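Undergrad: just the structure for this:
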Amino acid sequence: MRSDTIKKGLERVPHRALLHATGIGRKDLQRPFIGVATSFTDLIPGHIGMRDLERFIERGICYGGGVPFFFGVPGICDGIAMGHLGMCYPLASREIVADAIETVCNAHSLDGIVCLTNCDKITPGMLMGVARLNIPAIIVTAGPMLSGRFRQRKLAFVHDTYEALARAKKGEISDKELTCLELEACPGAGSCQGLYTANTMACITETLGMSLPGCATALAISAKKRRIAQASGERIVELAKKHIVPLDIITTQSMENAITVDMALGGSSNTVLHLMAIAHEASIPLHLKTFDSISRRTPHITNIEPSGPHFMEDLEYAGGIPAVLKRLKTKLHNTLSVSGEKLFAIAENARIDDEEVIRPLQKAYHAQGGIAVLYGNLAPQGAVVKQSAVNAKMMKFCGRAKVFNREEEAMQAILGNKIKKGDCVVIRYEGPSGGPGMREMLAPTSAIVGMGLEDSVALITDGRFSGGTKGPCIGHISPEAASGGPIAILKDNDIINIDIPRRKLEVKLSDAEITHRLKAVKRVPPKINTGYLARYARMVSSADKGAVLR
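TA: As a prediction, the model looks like this:
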C-alpha cells in the first residue's frame, strides 16, 4: 500500500507513534488509509448538510476495511460572493482546493480519497486534485436543494432573488412580497435548484465516472444520498486495494461523454473552464472547438431552470443522470465508472420516468446543445455563450456598445435606467487576470432580465457568467482586455454584431482602425496588488486555456 511509506519499517517508529496518538490501533496499520476531503462549512447552503454525509462515508470506509482520516477543504458560496470584491475569489479558490488535496494526500501517503463536495468551484477543484494525484478516488456531491414555495408557486434562487430585485426596483413587486421571496427561495440544505454550475458539475462528475450512479441528482435531504455516501466509502477501499485510479476513468472518451451530457442538459457555461482545467491536470488535450463541435451534434433534451420550467428535483424523479445516459447512449462511449460498471450497463439499467423532463432525441427542445463557441475580431481566441438560454429572436443581434471597466459601473447603469433597447453592455477588465478571478456577471444579467430588457439588450464580457444566467450573454472573451485583447479598444456606440448560429462576435470596425486603436490602448493598473489574488493574476492563463495557473 502507498501508506506503507509512513507506517512500515524500523525507521517509521516515530511516524507510527504519531499515528497511534490519533487513536488508531495496531490492526489499523494493516488497512488502507483513506482520506476524506470535506468542504463542510456553515457558510454555504450546499454544504451545511455534509456533517451527516461525513458519518455515512466514514461508516462505509470502516465497513470496507479501511481507516478514514478527515481533513477540511475551503469552500466559497458564489451567490454570497456575487456582486462585490468577494467574486474575485471563487475561481481562484479552485486552484487552492486542488493544491490542498495534493498537499495533504502526498504529505501523508494516503491510499485513496473520498471528496465530499457540492458547489461551484469546489467540485472541479477536487477533480483537478485527484487527477493530478492519480490515487484511487471517488467524488460525493452533496445534492441539490428542494424548490422553494410561494403561493403554491415553485421558487428558484436566481429567478426569485436576483431577477426579483430588479422587478422590485421597477415597482412590480411589493416590499412584502420581496421579503417573502427572500425567505422562501432557498428552503434549506443543497446546491441551488437549477442547472447552475454546482449541479452541472455534479452531473458531469457522474458522467465522467467519478461518482457512483445516481449521485448527481439525489437530493441533499434524502436517505438515498446517505446510502450513496456510505456506498462510496465502501467502494473507495475496494478501489484502493485494486489500485483503480482516476486516470483509468478520466480519459479522452469520458471527457467527450461529459461534454455530450453537458450539451444535452444545457448546463452552465462555467463547465468549459472546469473541464479544460481537469483535462489539463489529466494531460488530455482539450480545445474550445471540441465543445462547439459536440454541441452541434447533440440535441438539447432537458429544459431546467434558468432556461426552462423544470428543477433538479424533476430531473431526479425522471431518472437522473442514468436516464439521461440511456437517452444519449448512441452518442456516448462505453467508459468505466468508479462503481466498476461500464457506462452502457448503467444506461441499460436506467428508466426514464418523464418524457417531458428528459425528452426523446427527435423531440428535443433544441437541435443543438447548450453551449456555442463564438469567434471574430472581438474574440480571436474564442468566447462562450449558453445558447440554450437565449430567446430565438436574440440569436442574432446588432447593437450599440455601452462600455464599462467594472461590473459595478454596469450594474448602476442598468438599475439607473441608462441601458436602452438595442444596447450591448460591454464589461471588460474582468477576465482571469484583469478581474482578477474572472468574476461572474449574474447580478447585471439578472438585472437586465428583471428590467424587462432580455429580448432587446445583449451583454458581452471577458469575465464569466453564473449557470443561472439567461439571455444573449457572451463571456470568456479571449484574449481578455488586461492582456491587450480587442475588447479593450471598444468605445461607446461602436456597433457590436452577435450571430450565434454563425458563431460570430464582431465589432464593425475596419482592420486598420482596430490596429490603430490597439496601439493606443493604455495599460490599466492591476485592481489588486496584494495577497493571493495578486499572485493569481500574475500566474493565471487565459479563459480559452481553462484559466489554470501556469
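Undergrad: Arg296: what's it in contact with?
TA: Contacts of Arg296 were listed using C-beta atoms under 8 Å, 6 or more residues apart in numbering, and they are Gln368, Gly369. Any C-beta I mention is one placed from the backbone N, CA and C, and that applies to glycine too.
Undergrad: what about it, distance to Ile500?
TA: 12 Å (C-beta to C-beta, to the nearest Å).
Undergrad: swap in Asp78?
TA: According to C-beta to C-beta, Asp78 stands 25 Å off from Ile500.
Undergrad: now swap in Lys386 and tell me
TA: 10 Å.
Undergrad: between those two, which one's more packed in?
TA: Lys386 (29 against 19; other C-beta atoms under 10 Å).
Undergrad: what's the neighbour count on Lys27?
TA: Neighbouring residues of Lys27 were enumerated by other C-beta under 10 Å; the total is 8.
Undergrad: same check on Arg149?
TA: With neighbours defined by other C-beta under 10 Å, the count for Arg149 comes to 12.
Undergrad: the helix or strand containing it: how far from the chain's middle?
TA: According to DSSP states H and E, Arg149 maps onto strand 148-150. Relative to the centre of its chain, strand 148-150 is centred 25 Å away, using C-alpha atoms, centre = their mean, to the nearest Å.
Undergrad: repeat for stretch 126-133
TA: The answer for stretch 126-133 is 15 Å, by C-alpha atoms, centre = their mean.
Undergrad: and the pLDDT for Phe70?
TA: Per-residue pLDDT puts Phe70 at 98.
Undergrad: try the one 3 residues further on
TA: Val73 is assigned 97 on the pLDDT scale.
Undergrad: just His84 next, same as before
TA: 89.
Undergrad: next one: the one 3 residues further on
TA: The confidence metric pLDDT takes the value 94 at Met87.
Undergrad: same deal with the one 10 residues further on?
TA: Per-residue confidence (pLDDT) for Val97: 98.
Undergrad: what about the strands in this structure?
TA: For the chain, the strands defined by DSSP state E occupy 33-38, 67-72, 112-117, 137-141, 148-150, 153-155, 371-376, 379-386, 396-404, 423-427, 458-461, 473-478, 495-499, 504-507.
Undergrad: any chance of the ones you listed in JSON lines, plus distance to Arg59?
TA: Shown next, in JSON lines, are the strands of the chain (distance: least, C-beta to C-beta, whole Å):
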{"stretch": "strand 33-38", "distance to Arg59": "11"}
{"stretch": "strand 67-72", "distance to Arg59": "9"}
{"stretch": "strand 112-117", "distance to Arg59": "12"}
{"stretch": "strand 137-141", "distance to Arg59": "13"}
{"stretch": "strand 148-150", "distance to Arg59": "32"}
{"stretch": "strand 153-155", "distance to Arg59": "34"}
{"stretch": "strand 371-376", "distance to Arg59": "39"}
{"stretch": "strand 379-386", "distance to Arg59": "40"}
{"stretch": "strand 396-404", "distance to Arg59": "52"}
{"stretch": "strand 423-427", "distance to Arg59": "48"}
{"stretch": "strand 458-461", "distance to Arg59": "46"}
{"stretch": "strand 473-478", "distance to Arg59": "42"}
{"stretch": "strand 495-499", "distance to Arg59": "53"}
{"stretch": "strand 504-507", "distance to Arg59": "52"}
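Undergrad: closest to Asp353 out of those?
TA: Put simply, out of those the one that sits nearest Asp353 is strand 153-155, at 18.7 Å, with distance taken as C-beta to C-beta.
Undergrad: circling back: to Val548, which of the strands of the chain lies closest?
TA: Each of these was checked against Val548 via C-beta to C-beta, and the shortest separation belongs to strand 473-478, namely 13.5 Å.
Undergrad: tell me what that closest one is packed against?
TA: Using 3 or more C-beta pairs under 8 Å, 6 or more residues apart in numbering; DSSP states H and E, the elements in contact with strand 473-478 are strand 379-386, strand 458-461.
Undergrad: show me where the stretch 51-200 of the chain has helices.
TA: Secondary structure of the stretch 51-200 of the chain by DSSP state H, counting those that start in this stretch: the helices cover 78-81, 90-107, 122-133, 163-169, 175-184, 197-208.
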